[in-house]
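# give me the fold of what follows.
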Amino acid sequence: MSWFHLQGKDLIATKDWTKEEIEIALKVAEELKGMHYAGIPQHPLKDKTFLMLFFNTSTRTRLSFETAMTQLGGHAQYVDASTLRLSLEDRPGAGERLIDTAKVMARYVDGIGIRLLEDKVSRYGEDTEIMYKFAEYAEVPVINMASNIWHPCQGMTDLFTLWEKLGRDLKGIKYTIMWAYSPWARSLGSVQEEMVIAARFGMHVTVAHPPGYELDPEAVELAKKYAEESGGKFEVTNELDDALKGAVVVFPRGWMSLRRYEIGKEAEIKNAEKFKDWKYTKKRQKELCKPGYLMHVMPIDRGNEADPELCDDPELSWMYDQAENRLHVQKAILALTMGGGVRV
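Numbering: from 1, shown residues only. Predicted coordinates:
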């Protein structure tokens, strides 16, 4: 395996990339970030186009990808999926088939990003299956910009942020990923990606959630496997305060249950109200954590998921650094997969 082999490679989940490939991308991200702040232009994707297919709305994802392509010398084309004739149903009369849309798009552009999750699909996992099919049909790299199961760009960004803050040797550092109350009923993608990549790089990962909010069993088994291989540790508990004891980093985020499509969104939101005490508070941080740096993929539900005091703490909160790093990491992913011949 060499850097060259990342050219044309899809990124649907970080599990599809080797550790070495992830490390290569983060090394490039580090160099590109340094050049950005030094005012040194980098245009490895001059005259190339990245098509961003959005089924769901976005703030950080759209802005960071558009800016990334501009800074790399190329163009990001935003497409609202509702304006296409594309149908996700594979049956006559429903609309243009996925295979035809993917093959045509690949004739026009050099890479495709897809954001598809939550209310835009009818069952858990359908979105990720569609992305893999799209990648099979399109002869250009396909990037997952968020699905219900995985969010690879976010996972790689957060690993990069941890490296910046704590150094590259993360072994033995306790990272607590906690379910936190919010009425937003969001996907599991960023939580599960965070869990597996942290375990893969040797962290002591503790996932805390109330009964009924279990994560995808396959993702849990993958995290266990990675922890064994890396010398890390992985555990799941229903005891929040125990999970926070000794935590160096804390990620508080609400996620929907695996029954969300069965019971409906309103019932999902109603069930979450039983656990309003599940939040990352200043009291918990001060009494239990060491020190409990706040990581969050945003948007954060201030006052529910975490105390505003923690969100705005310049020493403890890493949220905005995380958000910025989406730009630099995605620049590296795009430059490498779209064959820009980036020089660092």
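
# please make it C-alpha for all contacts and neighbour counts, starting now.
Fine.

# CA atoms of the helix or strand encompassing residue 234 as PDB?
For residue 234, the host element (DSSP states H and E) is strand 233-237. Extracted in PDB, the C-alpha atoms of strand 233-237 (Å, rounded to 0.1, in the frame of the first residue of the first chain):
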ATOM      1  CA  LYS A 233     -10.100  -0.800  26.000                       C
ATOM      2  CA  PHE A 234     -13.800  -0.800  25.200                       C
ATOM      3  CA  GLU A 235     -16.800  -1.000  27.500                       C
ATOM      4  CA  VAL A 236     -20.500  -0.200  27.500                       C
ATOM      5  CA  THR A 237     -22.400   0.800  30.700                       C
END
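
# which positions in that strand come out as buried?
233, 234, 236 (16 or more other Cα atoms under 10 Å).

# burial count for the closest residue to the first one other than its chain neighbours?
Right, residue 233. Counting by Cα to Cα, 6 or more residues apart in numbering, residue 204 is the residue found nearest to residue 233 once chain neighbours are left out, at 4.4 Å. Neighbour count of residue 204, defined by other Cα atoms under 10 Å: 22.

# mind listing what residue 204 touches?
Counting by Cα atoms under 8 Å, 6 or more residues apart in numbering, residue 204 touches 171, 172, 173, 174, 175, 198, 227, 232, 233, 234.

# is it in a bridge, and if so with what?
residue 174, residue 233 (DSSP bridges).

# for residue 247, see how far away it is.
9 Å (Cα to Cα, to the nearest Å).

# joint contacts of those two?
By Cα under 8 Å, 6+ apart, residue 204 and residue 247 have these common neighbours: 173, 174, 175.

# can you tell me which of those residues is nearest residue 60?
Distance to residue 60, by Cα to Cα, is smallest for residue 175 among the shared contacts of residue 204 and residue 247, at 23.6 Å.

# was I right about the closest one contacting residue 252?
No - here residue 175 does not reach residue 252: they are 10.9 Å apart, not a contact under Cα atoms under 8 Å.

# spit out the residues that contact the two alike.
With Cα under 8 Å, 6+ apart as the test, residue 175 and residue 252 reach no residue in common.

# quick one: the helices in this protein?
Under the criterion DSSP state H, the chain contains helices at 19-38, 60-71, 98-108, 126-137, 152-166, 189-200, 217-230, 240-244, 260-263, 265-272, 282-288, 308-311, 319-337.

# buried sites along the first one?
Pointing back at helix 19-38 there. Under the neighbour-count criterion of 16+ other Cα under 10 Å, helix 19-38 has 21, 22, 24, 25, 26, 27, 28, 29, 30, 32, 33 buried.

# just the buried residues of strand 233-237 now: which is nearest residue 183?
Among the buried residues of strand 233-237, residue 236 lies closest to residue 183 (Cα to Cα), at 22.9 Å.

# ok so, going back, what does the strand holding residue 234 rub up against?
Strand 233-237 has contacts (Cα under 8 Å, 6+ apart) with 172, 199, 202-209, 223-224, 227, 243.

# export those residues to TSV and tack on pLDDT and distance to residue 112?
Formatted as TSV, the contacts of strand 233-237 follow (pLDDT from 0 to 100; distance: Cα to Cα, whole Å):
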residue	pLDDT	distance to residue 112
172	96	37
199	98	29
202	98	32
203	98	32
204	98	34
205	98	32
206	98	34
207	98	32
208	98	35
209	98	34
223	98	28
224	98	32
227	98	32
243	98	39
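
# let's see the ChimeraX selection covering just the buried ones among those.
Applying 16+ other Cα under 10 Å to the contacts of strand 233-237, the buried members can be selected in ChimeraX as follows:
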select :199,202,203,204,205,206,207,208,209,223,224,227,243
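
# for the contacts of strand 233-237, which one is nearest residue 257?
Taking Cα to Cα as the measure, residue 257 sits nearest to residue 209 out of these, at 10.4 Å.

# state the distance from the closest one to residue 177.
Taking Cα to Cα, one finds residue 209 at 9 Å from residue 177.

# could you report the neighbour count for residue 92?
Quick note: residue 92 (other Cα under 10 Å) scores 8 neighbours.
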